[in-house]
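S.K.: only geometry, no sequence info:
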């Protein structure tokens, strides 16, 4: 009788033991041979839209992972790695094996970089979702001034993405919840994150840029064009009534099979002389600015999956600067801003996400925000490689 009761008690505890397993992971991705960190690795739950990206130091944090999920770590130039929930629970450092070789472009394909870009832009409507989709997203941002944190915000929301069929992307919030330390901060523009449809200027001003291209062949028989684009003479390009493009170095990663753009890396050209800007209340000088956007395939079509930004700039105040500090979340001196955007789920109709509507804001302390999983990657200390 006692044995029967013991067995029943154990069986009743099993569901609670399963649910007690952690569903969030923090770790670091490194090169298996060099042991160096690999930045901007695309990390996704296998056959699910949930995913994230490693930061510039190779660190990552991902939450809402279920016990039956497998995580896929992929980066062009490396062999992809798939880890189960149990495997990921036992390790903190994930190593990827270099599995690529680079070859010069023209002698291999007969196509110039301009031709490849033109074909990739032409195929956007074939390769990407063009009808309404609803993105369940997280956007986390942190600002530092001389190693002191002065700003943190975390946004969870559902946005209606009208697809990549039109010239201009239209992304409207259906539901948002913002947790922030600043009562005045309300701005978040997801349209500026999705870089894909902002590339049309490459067709309009092809001769304003210089190009170089490599082809990377992986052992899994996948291949990608990697095209590097720079501004001629470091000049700002102005297209009247359309846009102004600051000098930058851009890399496009384009799948050789379907010409889908799977990754966009952009670095502001620090050598350009147009990196100082005057505003009403302050003067701003960019020291370093780069951002990376990954696109993944879901339901046989591509769409944005994650995004990382790092921005280092120097702020010189003018008269009235104290009023601008809260509104624009800035501080005097050299500041560093980092942000990560992740898609956690995708819906194809409003009925799938229930009655979530409207916008809300919660004012939190720094200590409260530091407990959120999405902030852990941004707070990771290079000198103290520890995971709590």
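M.R.: All right, it came through fine. What you see is a predicted model, and the numbers here were worked out from it, not measured in a lab.

S.K.: Spell out, range by range, the helices that occur in the stretch 101-250 of the chain.
M.R.: 106-109, 113-122, 124-127, 201-204 (DSSP state H, counting those that start in this stretch).

S.K.: mean pLDDT for those: which is lowest?
M.R.: Among the helices of the stretch 101-250 of the chain, helix 106-109 carries the lowest mean pLDDT, a mean of 49.

S.K.: Flag the shaky bits of the protein, pLDDT-wise.
M.R.: 1-22, 100-110, 167-169, 185-187, 218-221, 269-275, 380-388 (pLDDT under 70).

S.K.: of the helices of the stretch 101-250 of the chain, which approaches residue 173 most closely?
M.R.: Nearest to residue 173 among the helices of the stretch 101-250 of the chain is helix 124-127 (23.8 Å), distances taken as CB to CB. The way it works is simple: take the backbone N, C-alpha and C, and place the C-beta from them, glycine included.

S.K.: Now tell me what touches that closest one from outside.
M.R.: If you take CB atoms under 8 Å, 6 or more residues apart in numbering as the criterion, helix 124-127 is touched by 164-165, 196-197, 258-260, 301-302.

S.K.: For those, pick the one with the most neighbours.
M.R.: Tallying neighbours with other CB atoms under 10 Å puts residue 164 at the head of the contacts of helix 124-127, with 24 neighbours.

S.K.: Tell me who's in contact with the nearest residue to that one once chain neighbours are set aside.
M.R.: Sequence neighbours aside, residue 128 is the residue nearest to residue 164 in space, at 4.0 Å (criterion: CB to CB, 6 or more residues apart in numbering). Contacts for residue 128 were tallied using CB under 8 Å, 6+ apart; they are 163-164, 196, 260, 295, 301-303.

S.K.: And for residue 74?
M.R.: Residue 74 sits in contact with 41-44, 80, where contact means CB under 8 Å, 6+ apart.

S.K.: Tell me how far the residue nearest to residue 157 when sequence neighbours are not counted lies from residue 359.
M.R.: Once flanking residues are discounted, residue 157 sits nearest to residue 176: 3.7 Å by CB to CB, 6+ apart. Distance from residue 176 to residue 359, counting by CB to CB, to the nearest Å: 5 Å.

S.K.: When the two are compared, which one has more neighbours?
M.R.: Counted by other CB under 10 Å, residue 176 and residue 359 do not tie: residue 176 has more neighbours, with 19 against 12.

S.K.: quick one: stretch 214-227 to chain centroid distance?
M.R.: 22 Å (CA atoms, centre = their mean, to the nearest Å).

S.K.: Identify each buried residue in it, please.
M.R.: 214-218, 222-227 (16 or more other CB atoms under 10 Å).

S.K.: Could you do stretch 332-342 as well?
M.R.: Of the residues in stretch 332-342, 335-342 count as buried by neighbour count, 16+ other CB under 10 Å.

S.K.: got it, and stretch 173-187?
M.R.: Buried-residue list, stretch 173-187, by 16+ other CB under 10 Å: 173-176, 178-182, 185.

S.K.: Over to stretch 372-382?
M.R.: So for stretch 372-382, counting by 16+ other CB under 10 Å, buried means 372-378, 380.

S.K.: Mind listing residues that contact that stretch?
M.R.: Residues contacting stretch 372-382 (CB under 8 Å, 6+ apart): 24, 26, 55, 57, 59-63, 138, 140, 142, 152, 154, 179, 338-340, 342, 369-370.

S.K.: Stretch 318-337 too?
M.R.: Here stretch 318-337 has contacts from 141-146, 150-151, 182, 184-185, 279-283, 287, 309-317, using CB under 8 Å, 6+ apart.

S.K.: how's the protein carved up into domains?
M.R.: 2-99, 101-379 (automatic domain parsing).

S.K.: one step back: quick one: which of the helices of the stretch 101-250 of the chain is nearest residue 247?
M.R.: helix 201-204 (13.4 Å).

S.K.: before we move on, back to that, now render the contacts of residue 128 as TSV, adding distance to residue 86.
M.R.: Listed next are these as TSV, based on distance: CB to CB, whole Å:
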residue	distance to residue 86
163	37
164	37
196	36
260	33
295	29
301	32
302	30
303	30
